[in-house]
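Trainee: coordinates only, no sequence provided:
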């Protein structure tokens, strides 16, 4: 049986170690996704309320992908292409960011949360004509050759 | 009743009958006419509609009109779906060897060993009714839509390449490297298998596949696309008149792509 | 008959640790190869859109086929009641599981998207023989695992007959399924034959027993435990029968194909014009893998020599790999017959024999599968009681006939 002093010492060390990561993130305000195109940000809300989207967007995408691919339903509702068309916007210079860079809408959160997605192994991470407006530094996705199982 | 009154009554009855008949015909005509008009655009698919097996899409290739040196269909497919080298732009598959690079459609030259007769034809996914690639896929990623178009659901494709072993036309390709800048309408990626989609994204918007459109625009007229279940469609009429053979017909796959002049 | 005593091997000699280290290094090399292939994609391999399955699949299918065959010795004891094989039954189940694990490892690590393996294990297209194979492989682990348990745990021994019978039926289904992977393919001239399934079953008998015999001879030699002539002779005679059986099926397959003009093209390719495939067929599969081992096994001068039989078993394994190479890769090298009677050419390599240059990465991946299997066996016999203390004639079967 350890004494109370020993126990208190262990407890302080334990709490201290646990507090370290919490303290090191002090001042972190969370991810900063870039603003979407005007029509969604100012005039209308996103397709679902923002908290719903944050929690369930992968479910919506997962169900829509089967509807589109297997059944040919090509509505804009929950369509990945529409998400990108609205949310992946150019910066002030008119340049687009690539998935993997913090300035890209999807990776602004996914990088922060360290959640890997492989959507963009196959899908375009840019809207329809975005490929023409890339910086020379990200014409080839700079994260293309990261050693990840599927993600960029 | 007097005779004169009978006559007047009869006239009224005739007039009434005439009016009734003409009005009925008019109403009937008005009722049917939109139906006739709608029927002609009945194949127009709304975005929200699911595809059904009331349609079966097919392509008819007339090899007599297919020129040996022409690759318009191949170029159109490459441009539409962003694969392969197009007009000086290198293939996006920069690291793969020629044998490893994807080809959704290619021109094949066949020479009869006995007669020396030379023919040329485009070869691509034949969109079989009983596709061997669909049968063998362990996860069901290789699938056939209700309207007959055979696709790969790359979300669940594990890249085992068994469908490539099974395809009698070597129509499928495997992606051997990470790809860049795919078209929004043609997702394709490393480690999965792909093949001609009959431009399902265009077909669903009532357009022709890119290859067919290119061949028509260039006035070769070797490719014809349409609904094989619609007896009035151009492709059905052409098939009825002049027939259309399947490549490897002995396999009994009932392909959606037919060839004339083989 | 005295109940055979099972005992772990000592496993603390330098040689033993060096064996584990050697096998372990091959396993690490295989994992390294996997990451190399995954990092950039399959472009680093010799596989292409023309030769779709390559060296990894040769090794993987070989190991999977051998796995079900390695179970034979246990089946003979439990199902057919030959008590002389009973002492080796637990080891037989161990080798079977280890070979299957090694083969599956290679198969899975070669997938284009191995990160989606959970998809493969939860979504099944039941028309696909490949999907059925996944169920059969997983079931094999479960059923043979239970069978092994009934033999290792004293109070479960009474269930070993039922478990053994189930395992026997299951492995026949499994190997039939593996052969049908090729037999069901209508597209290619070299496949699309009902004979592929039973041929693979007999191949499993041969390859599995050859590997098992090599493991038995090596284990008993390296641990200085007695291996009696009776057991040895039984196993090697059985092996001879299986090798002859494979040869029979190969002859029937090719003679049948040679009868049909339709198949003359692919037969000429395999038997005469196929370059490396022809050489592997005649020198590897037939001469090295079948005829020489048969001669060694049945010739009185060599038939009783442990080392000669070991060499014969090794040749059978090499011949088996050659056979898999000819079937899997030779079958893809030969072009598809889309336009009979015509010469075909295109930008997609139609109408011509396809070339395949295997890379080191693929070879290391395949060899790593063998290494994983052997490592598992070597390790298991140290920690658990798989190996009988003695396989001398008196211990196994005091009433054996000479």
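Mentor: Sure thing, it's come through. These figures come from a predicted structure and were not determined experimentally.
Trainee: state the distance from residue C:98 to chain A.
Mentor: Between residue C:98 and chain A the computed distance is 27 Å (Cβ to the nearest Cβ, to the nearest Å). (Each C-beta comes from the backbone N, C-alpha and C, glycine too.)
Trainee: hang on, that residue packs against residue C:376?
Mentor: Yes - counting by Cβ atoms under 8 Å, residue C:98 does reach residue C:376; the two are 4.0 Å apart.
Trainee: quick one: which of these two has more around it?
Mentor: residue C:98 (24 against 18; other Cβ atoms under 10 Å in any protein chain shown).
Trainee: list the contacts for that one?
Mentor: Applying Cβ atoms under 8 Å, 6 or more residues apart in numbering or on different chains, we find residue C:98 in contact with C:67, C:372, C:373, C:374, C:376, C:377, C:380.
Trainee: where does the residue of chain C found nearest chain A land on pLDDT?
Mentor: Using Cβ to the nearest Cβ, residue C:115 is the residue of chain C that sits closest to chain A, at 4.4 Å. Predicted confidence (pLDDT) for residue C:115: 91.
Trainee: now do the SS call for it.
Mentor: The local conformation at residue C:115, judged by DSSP: H, G, I helix; E, B strand; the rest coil, is helix.
Trainee: pull up the distance across stretch C:215-229, start to finish.
Mentor: With Cα to Cα, to the nearest Å as the measure, stretch C:215-229 spans 16 Å from end to end.
Trainee: distance between that stretch and the chain's centre?
Mentor: Chain-centre distance of stretch C:215-229: 22 Å, with Cα atoms, centre = their mean, to the nearest Å.
Trainee: and stretch B:84-98, by the same measure?
Mentor: Distance, stretch centre to chain centre, for stretch B:84-98: 27 Å (Cα atoms, centre = their mean).
Trainee: surely residue C:99 touches residue C:67?
Mentor: Yes - with contact defined as Cβ under 8 Å, residue C:99 and residue C:67 form a contacting pair (3.7 Å).
Trainee: quickly list what's touching both of the two.
Mentor: Residues touching both residue C:99 and residue C:67 (Cβ under 8 Å, 6+ apart) are residue C:208.
Trainee: just the closest residue of chain A to chain B, please.
Mentor: Nearest to chain B in chain A, going by Cβ to the nearest Cβ, is residue A:122, at a distance of 3.2 Å.
Trainee: what's near enough to touch the closest residue to that residue other than its chain neighbours?
Mentor: Counting by Cβ to Cβ, 6 or more residues apart in numbering or on different chains, residue B:189 is the residue found nearest to residue A:122 once chain neighbours are left out, at 3.2 Å. By Cβ under 8 Å, 6+ apart, the contact list for residue B:189 reads A:118, A:121, A:122, A:123, B:154, B:175, B:178, B:179, B:182.
Trainee: that older thread, in the contacts of residue C:98, find the pair that's most separated.
Mentor: Greatest spatial distance in the contacts of residue C:98: C:67 and C:380, 14.8 Å, computed using Cβ to Cβ.
Trainee: have a look at these two and say which one is more surrounded.
Mentor: A direct count of neighbours by other Cβ under 10 Å for residue C:67 and residue C:380 places residue C:67 higher, at 31 against 20.
Trainee: I figured that one was touching residue C:103, is that so?
Mentor: Yes - look at residue C:67 against residue C:103 with Cβ under 8 Å: they come within range, at 6.2 Å.
Trainee: hmm, residue C:70 and residue C:171 touching each other?
Mentor: No - with contact defined as Cβ under 8 Å, residue C:171 does not reach residue C:70; the gap is 9.3 Å.
Trainee: so these two - more neighbours on which side?
Mentor: More crowded of residue C:171 and residue C:70, by other Cβ under 10 Å: residue C:70, with 34 against 28.
Trainee: residues in contact with the more buried one?
Mentor: Neighbouring residues of residue C:70 by Cβ under 8 Å, 6+ apart: C:92, C:95, C:96, C:99, C:208, C:209, C:211, C:212.
Trainee: which one of those is nearest to residue B:212?
Mentor: Distance ranking of the contacts of residue C:70 against residue B:212, using Cβ to Cβ, places residue C:99 first at 51.6 Å.
Trainee: got the contact list for the closest one?
Mentor: Contacts for residue C:99 (Cβ under 8 Å, 6+ apart) come out as C:63, C:64, C:66, C:67, C:70, C:208, C:211, C:373.
Trainee: can I have the buried ones of the contacts of residue C:70 as a PyMOL selection?
Mentor: Filtering the contacts of residue C:70 down to the buried ones (16 or more other Cβ atoms under 10 Å in any protein chain shown) takes a single PyMOL command:
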select buried, chain C and resi 92+95+96+99+208+209+211+212
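Trainee: which among the contacts of residue C:70 gets closest to residue B:218?
Mentor: residue C:99 (58.0 Å).
Trainee: could you check how far the residue in chain B that chain A sits nearest to is from residue C:145?
Mentor: Nearest residue of chain B to chain A, counting by Cβ to the nearest Cβ: residue B:189, 3.2 Å away. Distance of residue B:189 to residue C:145, computed by Cβ to Cβ, to the nearest Å: 37 Å.
Trainee: ok, now residue C:341?
Mentor: On the measure of Cβ to Cβ, residue C:341 and residue C:145 end up 54 Å apart.
Trainee: more crowded one of these two?
Mentor: residue C:145 (14 against 10).
Trainee: so the more buried one belongs to a helix, correct?
Mentor: Yes - in this structure, residue C:145 lies within a helix as judged by three-state DSSP.
Trainee: list phi and psi for the closest residue to it other than its chain neighbours.
Mentor: Excluding the flanking residues, the one nearest residue C:145 by Cβ to Cβ, 6+ apart is residue C:97, at 6.9 Å. Torsion angles at residue C:97 (phi, psi; degrees, to the nearest 10) stand at phi -60, psi -40.
Trainee: what about residue B:80, how many neighbours?
Mentor: If you count neighbours by other Cβ under 10 Å, residue B:80 ends up with 21.
Trainee: for it, list the residues it contacts.
Mentor: If you count contacts by Cβ under 8 Å, 6+ apart, residue B:80 has them with B:183, B:185, B:186, B:199, B:202, B:210.
Trainee: tell me, what residue is most central in chain C?
Mentor: Chain C has residue C:66 as the residue nearest its centroid, 2.3 Å off, counting by Cα atoms, centre = their mean.
Trainee: for the helix or strand containing it, the distance to its chain's centre please.
Mentor: Using DSSP states H and E, residue C:66 sits within helix C:55-70. Here helix C:55-70 is found 4 Å from its chain centre; the criterion is Cα atoms, centre = their mean.
Trainee: ok, residues contacting the helix or strand just after it?
Mentor: Helices and strands here follow DSSP H and E; after helix C:55-70, the next one along the chain is helix C:72-78. By Cβ under 8 Å, 6+ apart, the list of residues contacting helix C:72-78 from outside reads C:82-86, C:88-93, C:96, C:147, C:151, C:160-161, C:163-165, C:167-168, C:171, C:205, C:208-209, C:212, C:235, C:238.
Trainee: which residues touch the closest residue to residue B:146 other than its chain neighbours?
Mentor: In space, and not counting its chain neighbours, residue B:146 is closest to residue B:53: 4.5 Å by Cβ to Cβ, 6+ apart. Residues in contact with residue B:53 (Cβ under 8 Å, 6+ apart) are B:146, B:147, B:148.
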